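[1] please work out how this folds:
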Amino acid sequence: MPIWLARVACAFVGVGLAVILRFALDLVVPGVAPFALAYPTALVATVLGGWQSGLGALYVTQLLAWSFVMPTAGGFHTATQFASAVIVAITGTVTVFVAEAFRISAQRVVAERDAKLKERDLLFHELQHRVTNDFTIVSSLLDLQRRRSNAPETREALEQAMGRVRSIARIHRHVYALPEAGMIDIGRYLNDLCEALRDATLPPAGITLSCECAPAKVSREIALSIGLVTNELVTNAVKHAFPDNRDGQIKVRFRPTEIGWRLSVIDDGIGLPQADRKSGLGTGLIEGFVSQTGGTLTVSGETGTAAHLDLPASVVS
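    Below is the predicted model of the structure:
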């Protein structure tokens, strides 16, 4: 739409508002204050289309009031009434230009704010890009050191460190690099984590990993802890539950319960004896992550291993 046509349309919006209000007013007190509606009409048109629209609405409204409202009140077009119309026109014009000044100031403030937000978003995305690159560099350095190491214990420790770095990098991508920086969809995050674990942790064949997670929102700190717990439990299952290259399944579940939510990592491997469950699950790290979630971890390991992390309803929305 051409700018002039938009301004004309805004002026007619203001005039239409005045006509509607005048009809409503005439139902109660016909013909009273014929020029009173010129001011709100001019203000509305000025806010919508600028001073040109405001002046057009002001003068058209006055003309309509002079032609149609004053005769219904039984008045005559006297010199006093003409002077009143002139005064309303002058004061209305001043009002229009004052409103235009405020409108321009508001537009300038909004433009400055938008420019600052755009600059902030640019810096924020640049920061996210650099942090992502840092995670990649750290993971690559750990992988390089793992390849050069001949000690099985060192290689295993470096592999675990790489998995934790990847998990933190993934939560960073899901939480800090998205507009919704406060909460994260834990179901989507866990599905993405399982997909990455399939590629990085599982052997080429024999062991399968499935993930069924209901959508739910948690804080970024809780999501990070849940992700690290899942990473540790799945990694331990891959390493300990299926010796001698045997086949098996690992299932990751995240579902609501009667009292909250439950994260489950279940495998059909050889299980863990009662005396070896804590050491086999790397309880030091896992218990630290569990305490950060505010939940409780239970493990059963007679036929396969089932680890359940029960979370209170207050941490999930």
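[2] what segments of the stretch 101-250 of the chain are helices?
    Taking DSSP state H, counting those that start in this stretch to define them, one finds helices in the stretch 101-250 of the chain at 152-171, 186-200, 220-240.
[3] winner for burial among the ones you listed?
    helix 220-240 (a mean of 22; mean count of other CB atoms under 10 Å). All C-beta atoms are positioned from the backbone trio N, CA, C, and that covers glycine.
[4] for the record, mean pLDDT for it?
    Taken as a whole, helix 220-240 carries a mean pLDDT of 85.
[5] ok, stretch 195-213 next?
    For stretch 195-213, the mean pLDDT works out to 83.
[6] put together CSV for the helices of the stretch 101-250 of the chain, with distance to Phe289 on each row.
    As requested, those are arranged in CSV below (distance: least, CB to CB, whole Å):
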stretch, distance to Phe289
helix 152-171, 10
helix 186-200, 14
helix 220-240, 5
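[7] quick one, which of the ones you listed is nearest to Leu117?
    Among the helices of the stretch 101-250 of the chain, helix 220-240 comes nearest to Leu117, with 21.8 Å by CB to CB.
[8] give me phi/psi at Ala151?
    The phi/psi pair for Ala151 (degrees, to the nearest 10) reads phi -80, psi 120.
[9] number of nearby residues for it?
    By the criterion of other CB atoms under 10 Å, Ala151 has 9 neighbours.
[10] from here on, call the first residue 42.
    Yep, numbering from 42; the last one is Ala192 now.
[11] which residues of the stretch 92-241 of the chain score low on pLDDT?
    Confidence mapping of the stretch 92-241 of the chain against pLDDT under 70 gives the ranges 113-118, 212, 215-223.
[12] show me the strands in this structure, by range?
    Secondary structure of the chain by DSSP state E: the strands cover 224-226, 248-254, 258-260, 289-297, 301-308, 337-341, 346-353.
[13] which among those is found nearest to Phe176?
    Per CB to CB, nearest to Phe176 of the strands of the chain: strand 224-226, 17.2 Å.
[14] who does the closest one touch, helix- and strand-wise?
    strand 258-260, helix 261-281 (3 or more CB pairs under 8 Å, 6 or more residues apart in numbering; DSSP states H and E).
[15] Leu182 is nearest to which of these?
    Comparing these under CB to CB, the one sitting nearest is helix 261-281, at 19.1 Å.
[16] select, out of the helices of the stretch 142-291 of the chain, the one closest to Ala47.
    That would be helix 227-241 among the helices of the stretch 142-291 of the chain, by CB to CB, at 43.2 Å.
[17] residues contacting that closest one, please?
    Under the contact criterion CB atoms under 8 Å, 6 or more residues apart in numbering, helix 227-241 has outside partners 203-204, 207-208, 211-212, 215, 250-252, 254-259, 263-264, 267-268, 271-272, 275-276, 293, 295, 357.
[18] repeat that with 6 Å
    211, 215, 250, 252, 254-257, 259, 264, 268, 275, 293, 295 (CB atoms under 6 Å, 6 or more residues apart in numbering).
[19] go on, stretch 331-339?
    Contacts of stretch 331-339 (CB under 6 Å, 6+ apart): Ile263, Ser266, His349, Leu350, Asp351, Leu352, Pro353, Val356.
[20] tally of neighbours for the last one?
    By other CB under 10 Å, 20 other residues sit near Val356.
[21] and it, what does it touch?
    Residues near Val356 by CB under 6 Å, 6+ apart: Ile263, Gly335.
[22] go with 7 Å
    Val356 makes contact with Val259, Ile263, Thr334, Gly335, according to CB atoms under 7 Å, 6 or more residues apart in numbering.
[23] how about the fifth one?
    Residues near Asp351 by CB under 7 Å, 6+ apart: Gly301, Arg303, Gly336, Thr337.
[24] by neighbour count, which of the residues you listed wins?
    Neighbour max across the contacts of Asp351 (other CB under 10 Å) = Gly336, 22 neighbours.
[25] quick one on the thing from earlier: which one of the contacts of helix 227-241 sits closest to Arg144?
    His215 (41.7 Å).
[26] what about the residue lying closest to Thr195 once chain neighbours are set aside, how many neighbours?
    The shortest distance from Thr195 to any non-neighbouring residue, by CB to CB, 6 or more residues apart in numbering, is to Arg187 (7.7 Å). For Arg187, the count of nearby residues is 16 (other CB under 10 Å).
[27] so Arg187 sits against Glu200, correct?
    Yes: here Arg187 reaches Glu200: they are 6.2 Å apart, a contact under CB atoms under 7 Å.
[28] could I have stretch 291-302 exported to PDB, CA atoms only?
    Written as PDB, here are the backbone C-alpha positions of stretch 291-302 (Å, rounded to 0.1, in the frame of the first residue of the first chain):
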ATOM      1  CA  ILE A 291      19.800 -51.400  26.400                       C
ATOM      2  CA  LYS A 292      16.600 -49.400  26.900                       C
ATOM      3  CA  VAL A 293      16.400 -45.800  28.100                       C
ATOM      4  CA  ARG A 294      13.000 -44.600  29.300                       C
ATOM      5  CA  PHE A 295      11.800 -41.400  30.800                       C
ATOM      6  CA  ARG A 296       8.100 -41.400  31.900                       C
ATOM      7  CA  PRO A 297       5.800 -39.900  34.500                       C
ATOM      8  CA  THR A 298       5.000 -41.900  37.600                       C
ATOM      9  CA  GLU A 299       2.400 -41.400  40.400                       C
ATOM     10  CA  ILE A 300       4.800 -39.300  42.400                       C
ATOM     11  CA  GLY A 301       7.000 -37.700  39.800                       C
ATOM     12  CA  TRP A 302       9.100 -38.800  36.900                       C
END
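[29] fine by me, we can end here.
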